[in-house]
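Peer 1: just coords:
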């Protein structure tokens, strides 16, 4: 096999989908029976993924905005192909060997994702909302501990359960 062009670039899922759509719409068949099957199955997958609604302009502006963060090119590609919608999702797309993003950076990347791919500006949750919910949870736990144990069943309900093992022994 001969290398035609030594330079390369990454393809986004949107670009792969466009190439496969061109192959599918081509009247001329390439003589490969399996090409139609692979094209069909790949298109089926891609048309159910986020790349279906992405635009070239949206991807370019997203990549430009992500340039402010210390991300490698393959990490940016992963974020384009699988736009993160949660801090955990973002961290899973980043290499393990580098320092993790701060919570603030994580939140900004998620906001960029919504802005460029979903056309929505999410409202960031205030930092105080999380400690309040944690305080509510701790209060609930304290209440459960301070409450007396559940009232025992009445004697009428407990006796039939006792009789069942005795009946089994007879």
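Peer 2: That came through fine. Keep in mind that what you see is a predicted model, and the values were worked out from it rather than measured.

Peer 1: Which residue ranges of the protein form helices?
Peer 2: 13-25, 33-46, 56-66, 73-81, 87-93, 103-113, 129-146, 155-169 (DSSP state H).

Peer 1: List the buried residues of the shortest one.
Peer 2: When you say that, I think you mean helix 87-93. When neighbours are counted by 16 or more other CB atoms under 10 Å, the buried residues of helix 87-93 are found to be 87, 89, 90, 93. Where you see a C-beta, it was placed from the backbone N, CA and C, and this is true even at glycine.

Peer 1: domain ranges for this protein?
Peer 2: 13-52, 55-118 (automatic domain parsing).

Peer 1: What is the neighbour count of the closest residue to residue 24 other than its chain neighbours?
Peer 2: Among residues not flanking residue 24 along the chain, residue 39 sits closest, at 5.3 Å (CB to CB, 6 or more residues apart in numbering). Neighbours of residue 39 under the rule other CB atoms under 10 Å: 18.

Peer 1: what's the answer for residue 116, then?
Peer 2: Per other CB under 10 Å, the neighbour tally for residue 116 reads 22.

Peer 1: wait, what's in contact with it?
Peer 2: 58, 59, 61, 62, 65 (CB atoms under 8 Å, 6 or more residues apart in numbering).

Peer 1: Of the residues you listed, which count as buried by neighbour count?
Peer 2: Here, 16+ other CB under 10 Å leaves 58, 59, 62, 65 buried among the contacts of residue 116.

Peer 1: what's the closest of the residues you listed to residue 80?
Peer 2: For the buried ones among the contacts of residue 116, the residue nearest residue 80 by CB to CB is residue 59; the value is 5.6 Å.
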